[in-house]
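Trainee: this one's sequence-less:
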C-alpha cells in the first residue's frame, strides 16, 4: 500500500481510490488509536455537498462505531466549522469528508485532533501502519462497547455565533455578491452576511451533489466578476467547495486574491498593534510584491512550502497571528486553527467599513509582479521532477530570469499534477518559460508511462511463456 495521507488528508476519486472499504478501515484505525481505558471517544464528523459524501460518511461512521467511538454527525458544514466545533465541543477528534476545491468526482477524509490542529505526521503514519498490516486484527467490541451515532446538526448555531463574535461591524449599506460554489457554505455565508446587515446577492447555492466547484467559486471567478458589475455591488466574495478559502472581487470587477487580502488585513492589524510579533507567514506561491509591501511596513515575512499545515506550523513557531496562501486559504489564528473563508471575508469587510475606503483602493497597496502558472497531469510526479532533462530545463530558465524573477516547480499535494509557475516583469517571457517547461514535463511523463507499459508487457509475456 502506498502512502495514504497527502498534505490535506486522504484524497482520491470516490469509489476508485477512496472506497467505502477504505473509509471504514480508516474509521476503525482512528477509533482504535483514540480509545482510552474502554471509554467511547467522541468524534465529530462533517462533510461537504458531494454525492459521494453520504456513502463515505456512512462507511466511516460504521468503522468508528465498530471500534467503540461515538460519532457526532454535523451534516453539511464548512471544513473550518467542523474543525472549530471539534475543539469547542470537547470531542476527541474531528473528521471532514471533502475534497475542497477538487471536482465532484473526488472526495477526501481529513482528520483533526481535539485541539483543532491537523494530525501529526507520526499519528498519520500509525494509522497507515494499521491499515497496511495484514496480520493485525483490531478488536470488535460487543454490546455496550459498540459506539453510537448522535445527530448534532444544531451545534452549527454555535459556530455562527462564534463567527459573528470575531467582528464588530455593521454591514448596512454594503451590497455583497457571494459565490458559494454549490458547496458547504451555500446556506451559512449568505445568512451571516444578512445578519450583519448586508444586502446579499447569493450565487451557486443549489448543490445537487455533482455541481460543487463546477465553473463557479474561487477557482472560476468570472461569473462573480460579471455579477458584481451587473449588480453594481460594493464587493464580491467566492468560496471553494468546503469554504476554507475565499477570494474577493472589488467594485470595479477586479480580482482580489489571497495575497492582496493578506496585505490589506496584515497592514490593518499592524496599525492597530494586533499583528503578533509583526509577522506574516506566506507560502512560496505568494507574489514577491507581497513581501515588498509588508517589509516596507516593518513586518517580517516567513515563507513555507505550499500547504496550510506548513503555514500553521510556521505561525506557531514564529508567533504569528496571520498567515495564508495566494489561493485565499488564510488563517486568522485568534479565531480559528485553520483557513476559514467566512471569517476571512468578515475581516476584509470590516476593514472596508472601518476605513470607509472601497476595496479597489485598499487592494491598490499591493503591486504584484506578473505570474504565469500551469498544471501538468503527472500521476508519477517524482519521475518527471527527477528526470535530468526536466531538471536542466528548469535551471536553464531560472538563469534566464536572473535576479528579476523566479521559476517554481512543485508536485501538488492534493491532485496528480505538477504545478509550474514563473514570475517576473515580462509576461511574454514568463509565458514562453512556462510553455517550454510544460512541453518538457509532458514529454518526460509520456516517456515514463511508455517505458512502464513496455516493462509490464515484457513481464506479462514472461508469465505466458
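Mentor: Thanks, I have it. Every value quoted in this text rests on a predicted model; they were computed, and no experiment measured them.
Trainee: mind checking the SS state of residue 282?
Mentor: Secondary structure, DSSP: H, G, I helix; E, B strand; the rest coil: residue 282 is strand.
Trainee: beta partners for it?
Mentor: Under DSSP bridges, the beta-bridge partners of residue 282 are residue 303.
Trainee: what about it, neighbour count?
Mentor: Using other C-beta atoms under 10 Å, residue 282 is surrounded by 26 other residues. Using the backbone N, CA and C atoms, a C-beta is placed for each residue, glycine as well.
Trainee: if I look at it, how far off is residue 367?
Mentor: According to C-beta to C-beta, to the nearest Å, residue 282 stands 16 Å off from residue 367.
Trainee: same question, residue 215
Mentor: Counting by C-beta to C-beta - residue 215 and residue 367 are separated by 30 Å.
Trainee: do the same with residue 203
Mentor: 30 Å.
Trainee: now do residue 310
Mentor: From residue 310 across to residue 367, the span is 26 Å (C-beta to C-beta).
Trainee: of the two, which one has the most company?
Mentor: residue 310 (19 against 10).
Trainee: find the nearest non-adjacent residue to the more buried one, please.
Mentor: Closest residue to residue 310 apart from its sequence neighbours, by C-beta to C-beta, 6 or more residues apart in numbering: residue 304 at 4.1 Å.
Trainee: count of residues packed around the one you found?
Mentor: 21.
Trainee: for residue 309, same thing?
Mentor: 18.
Trainee: and the one 5 residues further on, by the same measure?
Mentor: As a burial measure, residue 314 scores 19 neighbours (other C-beta under 10 Å).
Trainee: that one: what secondary structure?
Mentor: Three-state assignment for residue 314 (three-state DSSP): helix.
Trainee: that one against residue 324, yeah?
Mentor: No: counting by C-beta atoms under 8 Å, residue 314 sits too far from residue 324 to count as a contact (11.2 Å).
Trainee: overlap in contacts, these two.
Mentor: Shared contacts of residue 314 and residue 324 (C-beta atoms under 8 Å, 6 or more residues apart in numbering): residue 281.
Trainee: any weak-confidence spans in this protein?
Mentor: In the predicted model, the chain carries pLDDT under 70 at residues 1-2, 36-38, 135, 444-465.
Trainee: rerun that using 80 as the cut-off
Mentor: 1-3, 7, 36-38, 134-136, 403, 413-414, 444-465 (pLDDT under 80).
Trainee: how is it partitioned into domains?
Mentor: Following automatic domain parsing, one gets these domains for the chain: 5-155, 166-363, 371-464.
Trainee: where do the helices sit along the stretch 251-400 of the chain?
Mentor: Counting by DSSP state H, counting those that start in this stretch, the segments of the stretch 251-400 of the chain that form helices are 258-272, 288-296, 308-318, 341-355, 359-363, 381-385, 388-401.
Trainee: buried residues in the fifth one, which are they?
Mentor: Under the neighbour-count criterion of 16 or more other C-beta atoms under 10 Å, helix 359-363 has 359, 362-363 buried.
Trainee: from residue 376, how far off is the residue nearest to residue 310?
Mentor: Distance of residue 304 to residue 376, given as C-beta to C-beta: 23 Å.
Trainee: what's near enough to touch residue 151?
Mentor: Here residue 151 is in contact with residue 73 (criterion: C-beta under 8 Å, 6+ apart).
Trainee: then residue 307?
Mentor: 7-8, 283, 413.
Trainee: quick one: residues contacting the residue nearest to residue 310.
Mentor: 281-284, 310-311, 313-314.
Trainee: closest to residue 155 out of the residues you listed?
Mentor: Using C-beta to C-beta, residue 311 comes nearest to residue 155 of those, at 27.1 Å.
Trainee: is that closest one in contact with residue 283, as I believe?
Mentor: Yes: look at residue 311 against residue 283 with C-beta under 8 Å: they come within range, at 6.4 Å.
Trainee: overlap of the contact sets of these two?
Mentor: Common neighbours of residue 311 and residue 283, counting by C-beta under 8 Å, 6+ apart, are 304, 325.
Trainee: these two: who's more crowded?
Mentor: Comparing residue 311 with residue 283 by neighbour count (other C-beta under 10 Å), the higher total belongs to residue 311, at 27 against 22.
Trainee: state the distance from the more buried one to residue 320.
Mentor: On the measure of C-beta to C-beta, residue 311 and residue 320 end up 9 Å apart.
Trainee: any residues in contact with both of these two?
Mentor: Joint contacts of residue 311 and residue 320 (C-beta under 8 Å, 6+ apart) are residue 281.
Trainee: could I get the contacting residues of residue 281?
Mentor: 301-304, 311, 314-315, 318, 320, 322-324.
Trainee: switch to 7 Å and redo it
Mentor: The contact partners of residue 281, by C-beta atoms under 7 Å, 6 or more residues apart in numbering, come to 302, 304, 311, 314-315, 318, 320, 323.
Trainee: tabulate these (TSV), appending distance to residue 208.
Mentor: Listed next are these as TSV, based on distance: C-beta to C-beta, whole Å:
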residue	distance to residue 208
302	42
304	37
311	33
314	39
315	37
318	43
320	40
323	35
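Trainee: closest to residue 101 among these?
Mentor: Distance ranking of those against residue 101, using C-beta to C-beta, places residue 311 first at 16.4 Å.
Trainee: returning to that earlier point: which one of the buried residues of helix 359-363 sits closest to residue 70?
Mentor: Using C-beta to C-beta, residue 359 comes nearest to residue 70 of those, at 44.9 Å.
Trainee: identify the residues contacting the closest residue to that closest one other than its chain neighbours.
Mentor: Closest residue to residue 359 apart from its sequence neighbours, by C-beta to C-beta, 6+ apart: residue 250 at 3.9 Å. By C-beta under 7 Å, 6+ apart, the residues touching residue 250 are 235, 256, 358-360, 363.
Trainee: try 8 Å
Mentor: 228, 235, 256, 358-360, 363.
Trainee: is it true that residue 289 touches residue 368?
Mentor: Yes: Residue 289 is within contact range of residue 368, at 4.4 Å (criterion: C-beta under 8 Å).
Trainee: shared neighbours, these two?
Mentor: Here residue 289 and residue 368 have residue 259 as joint contacts, going by C-beta under 8 Å, 6+ apart.
Trainee: do you know how far residue 113 is from residue 94?
Mentor: Distance, residue 113 to residue 94, by C-beta to C-beta: 8 Å.
Trainee: the two: who's more crowded?
Mentor: Higher neighbour count among residue 113 and residue 94: residue 94, with 26 against 19, using other C-beta under 10 Å.
Trainee: any idea whether the more buried one is helix, strand or coil?
Mentor: strand.
Trainee: mind listing what it touches?
Mentor: Per C-beta under 8 Å, 6+ apart, neighbours of residue 94: 43-46, 82-83, 85-86, 111-112, 116.
Trainee: that'll do, ta.
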